[in-house]
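S.K.: structural data only, the sequence is not supplied:
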Ligand SMILES: CSC[C@@H](O)[C@@H](O)C(=O)COP(=O)(O)O
Ligand SMILES: [Zn+2]
């Protein structure tokens with residue numbers, strides 16, 4: 001048992017009903033199904049990456065260090081946000097369900113940041129090559145430059161930008177001519193140490209739905225699973241495009257005046 005886990009049920013009454021459902025959209029069924037799809041995209045290979053879903057007060061999490069594409073609903077942890085907030089030691093996690101012989105994902109505090117600071121319903125973490133390559137390009141461009149250079153990915157005038165919401169609490173999506181900005185934080189030796197930097201980036205970029213982690217990957221969240229998944233897909237498309245644009249010597253930010261169509 002992980003030292004920071006505090007199960008509120010014994011192993012014999014391990015609240016299996018919280019993860020056993022015939023509904024394919026139940027979070028305990030969706031997390032393994034999504035991770036199996038993400039594995040085919042190279043987002044969660046070699047146990048890296050993962051996904052977490054919040055349904056009201058309950059947070060569903062994968063175990064740590066497992067092949068994410070082979071997980072089963074019975075492997076899923078369930079945590080109560082309310083119980084967590086009442087706990088005297090905030091680092092102590094209050095699990096309603098802890099599968100035996102596992103530890104909860106090291107990404108747990110980062111997923112919780114998306115749920116508590118942004119009221120997200122789903123958070124996805126990928127180790128996508130494209131995300132990592134974008135952070136490497138930015139690292140090279142930021143070398144010897146000012147403080148902020150290399151610490152934010154910016155792109156405009158690409159249709160797929162319209163796949164992003166304007167920001168938490170705002171209505172509508174970004175437009176074709178808007179600039180999408182994704183902050184970049186530096187990687188740390190231990191995943192949980194990323195949390196304070198992820199939270200800082202969320203404060204500095206209140207409209208962002210994603211944070212890149214240098215030489216590591218990306219965290220993407222959304223109000224629900226559909227939004228988190230489609231924004232993660234749109235981002236990966238843009239990261240790949242951006243790497244290929246860079247190879248062709250094309251800039252990510254361009255000055256294109258909006259055109260008004262003339263109708264005949
Ligand atoms: C290939 S190990 C990757 C981990 O250190 C981490 O970055 C990660 O994304 C997954 O952590 P996990 O605890 O297995 O959910
Ligand atoms: Zn990771």
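M.R.: Now that the structure is in, tell me what you want to look at. Quick caveat: nothing in here was measured; it's all calculated off a predicted structure. Numbers count the residues shown, from 1 in each chain. Ligands and ions are numbered 1, 2, ... in the order given.

S.K.: shaky segments in the stretch 101-250 of the chain?
M.R.: 147 (pLDDT under 70).

S.K.: what residues does it put near ligand 1?
M.R.: Taking C-beta under 6 Å from any ligand atom as the contact definition, the stretch 101-250 of the chain meets ligand 1 at 105, 106, 107, 125, 191. Any C-beta I mention is one placed from the backbone N, CA and C, and that applies to glycine too.

S.K.: considering those, which possesses the most neighbours?
M.R.: residue 125 (30 neighbours; other C-beta atoms under 10 Å).

S.K.: how about the backbone phi and psi for it?
M.R.: phi -120, psi 120 (degrees, to the nearest 10).

S.K.: beta partners for it?
M.R.: residue 50, residue 219 (DSSP bridges).

S.K.: just the strands in the stretch 151-264 of the chain please.
M.R.: 152-156, 179-185, 210-213, 217-222 (DSSP state E, counting those that start in this stretch).

S.K.: packed most tightly, which of those would that be?
M.R.: strand 217-222 (a mean of 27; mean count of other C-beta atoms under 10 Å).

S.K.: which residues are in contact with that strand?
M.R.: Identification of contacts with strand 217-222 by C-beta atoms under 8 Å, 6 or more residues apart in numbering yields 48-49, 107, 110, 114, 118, 120-128, 131-132, 165, 182, 198, 209-213, 228-232, 235, 239.

S.K.: just the buried members of the residues you listed?
M.R.: 48-49, 107, 110, 114, 118, 120-128, 131-132, 165, 182, 198, 209-213, 228-229, 231-232, 235, 239 (16 or more other C-beta atoms under 10 Å).

S.K.: just the ones in helices from those, please.
M.R.: Residues of these located in helices (DSSP state H): 110, 114, 118, 131, 132, 198, 228, 229, 231, 232, 235, 239.

S.K.: does the fourth one touch residue 210 like I think?
M.R.: No: judged on C-beta atoms under 8 Å, residue 131 makes no contact with residue 210 at a distance of 9.1 Å.

S.K.: just flag the most distant two among the ones in helices among the buried ones among the contacts of strand 217-222.
M.R.: 118 and 132 (23.7 Å; C-beta to C-beta).

S.K.: can you show me the helices along the stretch 51-200 of the chain?
M.R.: 81-86, 108-118, 129-142, 195-204 (DSSP state H, counting those that start in this stretch).

S.K.: what is the mean pLDDT for the shortest one?
M.R.: Right, helix 81-86. What helix 81-86 shows for mean pLDDT is 85.

S.K.: which elements pack onto it?
M.R.: Counting contacts by 3 or more C-beta pairs under 8 Å, 6 or more residues apart in numbering; DSSP states H and E, helix 81-86 is packed against helix 108-118.

S.K.: helices or strands up against the helix it packs on?
M.R.: Counting by 3+ C-beta pairs under 8 Å, 6+ apart, helix 108-118 packs on strand 50-55, strand 58-61, helix 81-86, strand 122-126, helix 195-204, strand 217-222.
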